[in-house]
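Q: next input, structure requested:
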Amino acid sequence: MRDWASTLRPASFRGVRFWVDFEGLSGGKRLARHEYAGGRRTRMEEMGLKTPSFSVTAYLLGDASDVSAALLSSACLAAGPGRLVLPMDAGQLAYVEDFHRSRERDRRGYVAFEFTAVPASGEVLASLSLADVDTTFLGALSAASYAFGRLF
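A: Numbers count the residues shown, from 1 in each chain. Next comes the predicted model:
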């Protein structure tokens, strides 16, 4: 069984670390619907792929959460794309399109962020986690030991 906790990456944007409560990816196709007056059918035309985006609910926790929140706000507002690393995805350059910071009176030391990030390349990059590398390596090692055993 996979040990998920050991295979997740620490999340960060422009080097500012945070914890992730929720992460979502949206994408799809751009479709043109051709509808005609008096017609009973719609003709669909694919216009290419939509630009994907990540929706992230992040949080900062601890005595320095106010300082980390200021750093994350500055990172989100900095010009150009920055490196975004999410727990299950490889790091990639992305723009933070918008963000929302929130704090609650009864949750001192806890600062929440919700933000939308758009990959700079316009596409989501494939990622390999440490678990993928371990599984591939162990599979190859097993096959090699089986082949070596057959020699004798």
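
Q: can you tell me how far the closest residue in space to Arg17 that isn't next to it in sequence is from Tyr95?
A: What sits nearest to Arg17 in space, not counting adjacent residues and going by CB to CB, 6 or more residues apart in numbering, is Pro10, at 5.6 Å. For every residue, glycine as well, the C-beta is placed using N, CA and C. Distance, Pro10 to Tyr95, using CB to CB, to the nearest Å: 21 Å.

Q: do Gly82 as well
A: Distance of Gly82 to Tyr95, given as CB to CB: 8 Å.

Q: more neighbours, these two?
A: Gly82 (20 against 16; other CB atoms under 10 Å).

Q: contacting residues around the residue nearest to the more buried one when sequence neighbours are not counted?
A: Nearest-residue entry for Gly82: Arg14, 3.8 Å, with adjacent residues in sequence omitted and distances by CB to CB, 6+ apart. With contact set as CB atoms under 8 Å, 6 or more residues apart in numbering, Arg14 has these partners: Ala75, Ala78, Gly82, Arg83.

Q: of these, buried ones?
A: Neighbour-count burial (16 or more other CB atoms under 10 Å) applied to the contacts of Arg14 gives Ala75, Gly82.

Q: most widely separated two among the contacts of Arg14?
A: Farthest apart among the contacts of Arg14 by CB to CB are Ala78 and Arg83. That separation is 11.6 Å.

Q: so what pLDDT did the residue nearest to Gly82 get?
A: Arg14 is assigned 96 on the pLDDT scale.
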